[in-house]
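Novice: test case, fold it:
(chains A and B)
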Amino acid sequence: MYNINEELKDKISYLNEVLIDKYKDVLSMDKISFKEFIQEKIGPIIKLEKLTKEELANCAEKGGILGVDGSNNRMGGAYPHFVEIYQGLAKSTLHKDKPIYKTDFYTPLYSEKEELPLENERQGEESIRKYKLSAIEVEAALGGIREFNPYAIIMDGSLIRYDIECFDKWMELRKECEEKGIILIGVIKDIKTSIIGEALKEDKSLDIKECFYDRELLYGLLEYGEMIAIYDKVAKKSKEGFTSLFMRSSQAPTVIGMDILDSQKNHLEEMARLVLTITPKDSRGVPMWIDIVDSEVKIPDKMIRGLLESYLDRNILEMFFISERDKRTL
Amino acid sequence: MKVVGITTQQEVYIGSKDRNFRINEFLIIIDPYQGDLMGEVVEAQTYNKYIPLNIHGELADNSVIESLKSIGYNIEEDTIYIAKVRLLNEALYPVETGSDVRIPAFHEVKDLMIKSSTDEGLVLGIIKNTDQMVDDMDEEFKNLLYTFEEGELKKQNDIPYIFDIRSMHQYPHIGVFGGSGSGKSFGLRVVLEELMKLNIPTIVLDPHFEMDFGQIGDYMPKGEVESYKDKFKCLQVGFHVGVRFEDLSPQDIKNLLDASSPLTDAMNNVVDILFKRNDSYNSFHNRLKMLVEAQEEGTMDKINMKITEAGSNLEREGWQKRKELYSSYDKICPYSSVRGIIWRLNRLENEGIFSKDIKPIEEGLHMGKLIVIQGSTRILQVFSTYLLNNLYHKRREYKDALYKKTTADYFPPFIIVTDEAHNFAPKGYNSPSKSILKEISQEGRKYGVFLILATQRPTLLDETITAQLNTKFIFRTVRASDIQTIKEETDITEEEAKRLPYLRTGDVFISEALMGRTIFARIRAADTTSPHTENPFDELKNKSKKDDEKFLSIIKDKLPINGNDFINVIKEIESDTGVTYTINAFEEKLEDLTDKKLIKKEKTPFFNIYRE
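Specialist: Just a heads-up that it's a prediction; the model follows:
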């Protein structure tokens, strides 16, 4: 069997200790008073009910729900010898046979425009890749709006990501949604914010120096179906025009986040209830529809490889995109 | 429907988004390079990637599925259907993945499904899961039969299964296997009905007294079934038919006696010594009796004395004869053994076996009738040995004479049918009837004598015979050892063997050499019913109801009956009807009727009064 390096074991034990030490104060906090703190500083905790059949039917009548997700596959080795394939999918619950796919690719070996700021090539390359993925999703969403005119759109991930990564396209989508009255939300599976952590730090009565993240603070705190509607003043996204909430959408103790356009704030609770309704109780908390769209937009690496092998000349493929690592057999 | 995944020359997977597959259905794969390929579904599955079988992971619960449905998305529509299809004939190359698949039309499968016309073959049932191919089926094959589904008669909606009886000339003998309640006996009944329709001479050995075809099933639509009354004959051994003693060989005699009660070695010996060719029952019986009488005297002197003291010539001659027998056989035929033989012989005689012969059977066969021979299993074993030997050799002599260009009386070809065949030809030990069945199984084909052997324990049936059964009907079988035997003896596949314990009553796998593959069929509803179909518990209920009614009618005009007056009432009843009750029994019966609320009982301080 494998020989485990003693030092590695020690390091991992050390990590365990460090984390316990860092979090012991916070994690030992009284659940009730912590909830009170949140109610006061962050936002009201609201118990959500699932949507009724009639409300759901109403949803369907007004155009159904559009789920949007994207995927990227990378093939090749290190910069610049790789190619990334992006695929965006918008799928309506009402028109499941007409998914809207958008695709794009990126390789540093070829650029369509002068996108690369020469002085900082690598950083620019990173942002192009992010731009491409976000843009492809937004394009798919736009396509979906024009095709299906849905009641609401659920994007996979925070809305702020689009604001940052592809501002121009994002504004187009935002404008169109606001004009047509289509509710736009983003569902965040892994929340990375530290809204509560910072509030704790600021609170002078508590002696907390370090900043904790919301993920660990909220772990197991909310009951199934509870949400925290975050005050705009504490949320950092408000200036970009978003309103957010945390909610526990399944039996799993982790919470998910949700963003909505601030202009559509009055739909916040309704959308939270929608998310709760279409999330299986025993799942990890992701709305089923997002999971379905996600599973359909993903392309297996094998298939990408097959596509490249079929449609690229063999010498081109070998010359540019087959890394030494791909040929390793051991 | 498309071919999916990795394919071979023999097997492919077929996927469909909207059509579920059924096991044993036929499909045509349109291979763009090899043309149309016919295959049969051997496994059917469905799968929905959003509703996985995942015990620990997440499951799309019902409320979410319902909710998604409400906003327009039906997750169940994402179910895909997968079938494993085995090609009937191996393809030259692996089947092209992505080939389209379609349902065949009747004319494309006709040669595979139907090997005989309806008036020349046995219309035994339907081939399951063929209903989608009947649209362009020839009229000849429509509306031939009914099936039973869930206790209700159903019109034929599939391709009929017609057994080509003529093929038995090439592939002789049929085995019918299946556990009790699997539909085996009904299958046999349907086979026999069809044999009668074709007027094929048939002998049925019926130890269960169930093969009576006189009663048309009350479930059959009126007027659609022709009576079988003139086509069969039930004959009981010892009552209608028996053994002609003069035809018996010493071995036959021993078999017969053994069936009456097992013989010891010494008794066998006695028969060998004392039985002479062409003995009649009387001559053999007399010889035995005189020897015993002589032995009872004990010594030669005493016998001599009897001779000298004889009062008449007749008596003297008699004792003279006894003396001869005594001197020749006393040493080698012990008294007790001779007595044993006499005792057994008497018993057979009393059963009437020797008073009849097999003429009615022969006549029946000549007329193309179905002859049902009834008797207990033991008697049938022995009688059948004699009977089958006799008939088979008659047929054989005729055929051989034809070949040798000499003359012999005509004797028709015939079929021998028996249930519980493992009793007649058991594996591992000898039974009188086994050798003749074995002989017929091996060479009966040449002479046009065929076997249809049914058993619930194929494992117990003689292997040489099993190996000769070219067609097998396999009904539900639960015993692992029998399934194993069936797997060894037939061409059914592993998948089919796995289904054996779960077959519905009346569903059957037919493994037929002519077809070259196994057919999944359902036996048609029998036109006639067995006399044993009344449920014994219904019988009990009806009987007690009848008894009550009878008793009630007797006492009706005697009511009310006072408890102190039983004796007079009983007397009256006795004089009216001749039936006598004891006081206790009478009171008990009245109480019983009271319990059943048929009469009322009124209590008074002195006695009970029974009123209407």
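Novice: and residue B:229, which of the three is it?
Specialist: What DSSP: H, G, I helix; E, B strand; the rest coil gives for residue B:229 is coil.
Novice: what residues does the helix or strand hosting residue A:7 touch?
Specialist: Assigned by DSSP states H and E, residue A:7 belongs to helix A:6-27. For helix A:6-27, contacts defined as C-beta atoms under 8 Å, 6 or more residues apart in numbering or on different chains pick out A:200, A:208, A:210, A:212, A:216-217. C-beta coordinates here come from the backbone N, C-alpha and C atoms, glycine included.
Novice: tally of neighbours for residue B:395?
Specialist: Neighbour count for residue B:395, taken as other C-beta atoms under 10 Å in any protein chain shown: 23.
Novice: revised request: answer the last question for residue B:273.
Specialist: Other residues near residue B:273 come to 14 when the count uses other C-beta under 10 Å.
Novice: show me where the stretch 1-150 of chain A has strands.
Specialist: With strands called from DSSP state E, counting those that start in this stretch, the stretch 1-150 of chain A shows them at A:45-47, A:65-76, A:82-92, A:100-106.
Novice: pairing partners for the third one, with directions?
Specialist: Pointing back at strand A:82-92 there. Strand A:82-92 pairs in its sheet with strand A:65-76 (antiparallel), strand A:100-106 (antiparallel), by DSSP bridges.
Novice: pLDDT averaged over the longest one, what's the number?
Specialist: Put plainly, it is strand A:65-76. For strand A:65-76, mean pLDDT rounds to 90.
Novice: and that strand, what's buried?
Specialist: A:65-73, A:75-76 (16 or more other C-beta atoms under 10 Å in any protein chain shown).
Novice: ok, back up a step: so how far is the helix holding residue A:7 from its chain's centroid?
Specialist: Distance of helix A:6-27 from its chain centroid, counting by C-alpha atoms, centre = their mean, to the nearest Å, is 29 Å.
Novice: and that helix, what's buried?
Specialist: Judged by neighbour count (16+ other C-beta under 10 Å), helix A:6-27 contains these buried residues: residue A:26.
Novice: tell me the mean pLDDT for that helix?
Specialist: Helix A:6-27 comes out at a mean pLDDT of 86.
Novice: return the distance of the residue nearest to residue B:116 when sequence neighbours are not counted relative to chain A.
Specialist: Leaving aside its sequence neighbours, residue B:116 sits nearest to residue B:164 (C-beta to C-beta, 6 or more residues apart in numbering or on different chains; 3.7 Å). Counting by C-beta to the nearest C-beta, to the nearest Å, the gap from residue B:164 to chain A is 49 Å.
Novice: am I right that residue B:164 is in contact with residue B:513?
Specialist: No - between residue B:164 and residue B:513 there is no contact under C-beta atoms under 8 Å: 10.9 Å.
Novice: higher neighbour count, those two?
Specialist: residue B:164 (20 against 14).
Novice: can you report phi and psi for the more buried one?
Specialist: phi -80, psi 100 (degrees, to the nearest 10).
Novice: what's the pLDDT at residue A:277?
Specialist: Looking at residue A:277, its pLDDT reads 91.
Novice: so it makes contact with residue A:52?
Specialist: No - using C-beta under 8 Å, residue A:277 makes no contact with residue A:52, being 9.2 Å away.
Novice: of those two, who's got more company?
Specialist: residue A:277 (25 against 13).
Novice: who's in contact with the more buried one?
Specialist: Counting by C-beta under 8 Å, 6+ apart, residue A:277 touches A:50-51, A:56, B:63-64, B:67.
Novice: just the buried residues of the residues you listed.
Specialist: Among the contacts of residue A:277, those classed as buried by 16+ other C-beta under 10 Å are A:50-51, A:56, B:64, B:67.
Novice: you'd agree residue B:589 is in a strand?
Specialist: No - counting by three-state DSSP, residue B:589 is not found in a strand; it is helix.
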